[in-house]
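Enquirer: please find the sequence and the predicted model below.
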Amino acid sequence: MSILVVMEQRGGSWNRMSFETLAAAQQMAAELGTTASAAVLGQGVESLAAELAGRQLEKIYLVEHELLKEYTPDAYTSALRQLLAHAAPEYVLLPHTYQVRDFLPKLATSLNTVAVSDVVAHRVEAGALVLVRQLFQGKVNSDVRFTAAAPRFASLQAGAYRADRLMEGSAPLEKFAPQVAPGDVRTRPQERFRESARAVDLAAAELIVAVGRGIKEAENIAMVQELATVMGAELAASRPICDAGWLPMERQVGSSGQTVGPKLYMAIGISGAIQHLVGMKGSRTIVAVNKDPNAPIFEVADYGIVGDLFQIVPELIAAFKTAK
Ligand SMILES: Cc1cc2nc3c(=O)[nH]c(=O)nc-3n(C[C@H](O)[C@H](O)[C@H](O)COP(=O)(O)OP(=O)(O)OC[C@H]3O[C@@H](n4cnc5c(N)ncnc54)[C@H](O)[C@@H]3O)c2cc1C
């Protein structure tokens, strides 16, 4: 039995969710009494694979081919099928990225099996992995047990596991050269879509103060901005705030915004809908201010302040000013 993580890179840069998946695999391997390995696909990505050599892994598979330089679902599926036949892992874990959503159903179906998508947690029962997925926008958790034979696929939700829990060690590198012919690949990658330059990189912020619909009016945002400024934090928002044009889209946190992992995330007047939580629940410490004691944000909060933000935020501003 073993676990294989398919890491994601694009143009030689990691998708950082891969490291959350790697940490999850290490954790699961320890609980199952097995080992975790990692695979890196691409062309000219040996230096990336080498970066994993200091991790506690059984092996790093470097899967290189010129047709893997740019992502295509056909080439990835073909190469991974060959790797899986060679490595024969019991479980295959992937980060739940857009790219994985694109090729994983195809890969699993081609092996006459299924993939468990968007996993948020796991436990081990009687030596087998039980995966937890959320249904109805996070209102219900469902347990999923595999009944099919290996390989058993699962993709893990952003922020569900912590990359800073990765265990150090040493891992050997194995080169694996898949056979992929140009005729196997039915799509031709075009120039990559470039997002306009972001003025703010929330993903790199250490302190974030985020504002939600509880703020009621656009002009009230100035108060939360002041709190962010006095704390030296970046200002972020839930989707309705950005949809209303009260703050730019680049400040939106969540499934259709940015995924953040600051040391401190302060949620002001945000209910904690699942689409918001997936973008911020990987934060080290979460503080929530909400007048509704049953708001779902309190389920992920380390510290909760139940009360009126229009009373609490000015008091926080004053307290930070005094502390400075
Ligand atoms: C496909 C899809 C993608 C989505 N993507 C995202 C995304 O990326 N990011 C995102 O954030 N959302 C996203 N959403 C929207 C999401 O479902 C929620 O609607 C949204 O997160 C709610 O934002 P909110 O918490 O600010 O507002 P609300 O849910 O309206 O919550 C406002 C909160 O403020 C509290 N409140 C009100 N007044 C006060 C007060 N005076 N003092 C203290 N608390 C107060 C209320 O108790 C309430 O909990 C998406 C939805 C869909 C369907």
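Expert: Sure, I can see it.
Enquirer: residues of stretch 300-318 that come out buried?
Expert: Judged by neighbour count (16 or more other C-beta atoms under 10 Å), stretch 300-318 contains these buried residues: Val300, Ala301, Gly304, Ile305, Leu309, Ile312, Val313, Leu316, Ile317. In short, each C-beta sits where N, CA and C put it, glycine included.
Enquirer: in helices, which of those residues fall?
Expert: Residues of the buried residues of stretch 300-318 located in helices (DSSP state H): Val300, Leu309, Ile312, Val313, Leu316, Ile317.
Enquirer: with respect to Leu84, which of those residues is nearest?
Expert: The shortest gap between Leu84 and any of these belongs to Val300, at 34.8 Å (C-beta to C-beta).
Enquirer: next one: the nearest residue to Val6 once chain neighbours are set aside from the ligand, what distance?
Expert: For Val6, ignoring the flanking residues on the chain, the nearest one in space by C-beta to C-beta, 6 or more residues apart in numbering is Leu94 at 4.7 Å. Distance of Leu94 to the ligand, computed by C-beta to the nearest ligand atom, to the nearest Å: 21 Å.
Enquirer: which parts of the stretch 1-150 of the chain are helices?
Expert: Remark: helices assigned in the stretch 1-150 of the chain by DSSP state H, counting those that start in this stretch are 17-32, 46-51, 73-87, 98-110.
Enquirer: now these in JSON lines, with mean neighbour count, mean pLDDT and distance to Val140?
Expert: What follows is the helices of the stretch 1-150 of the chain, written out as JSON lines (neighbours: other C-beta atoms under 10 Å; pLDDT from 0 to 100; distance: least, C-beta to C-beta, whole Å):
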{"stretch": "helix 17-32", "mean neighbour count": "23", "mean pLDDT": "96", "distance to Val140": "22"}
{"stretch": "helix 46-51", "mean neighbour count": "15", "mean pLDDT": "96", "distance to Val140": "38"}
{"stretch": "helix 73-87", "mean neighbour count": "19", "mean pLDDT": "98", "distance to Val140": "31"}
{"stretch": "helix 98-110", "mean neighbour count": "17", "mean pLDDT": "96", "distance to Val140": "21"}
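Enquirer: so which of the ones you listed is nearest Glu206?
Expert: Taking C-beta to C-beta, helix 17-32 is the member of the helices of the stretch 1-150 of the chain nearest to Glu206, at 17.8 Å.
Enquirer: who touches Gln252 in this structure?
Expert: Contact analysis of Gln252 by C-beta atoms under 8 Å, 6 or more residues apart in numbering lists Ala236, Ala237, Ser238, Arg239, Ile241, Cys242, Gln258.
Enquirer: can you get me a residue count around the last one?
Expert: Counted with other C-beta atoms under 10 Å, the neighbours of Gln258 add up to 20.
Enquirer: need the pLDDT of the closest residue in space to it that isn't next to it in sequence.
Expert: Leaving aside its chain neighbours, Gln258 sits nearest to Leu202 (4.7 Å; criterion: C-beta to C-beta, 6+ apart). pLDDT for Leu202: 87.
Enquirer: hang on, Leu202 packs against Val253?
Expert: Yes - using C-beta atoms under 8 Å, Leu202 is in contact with Val253, at 6.7 Å.
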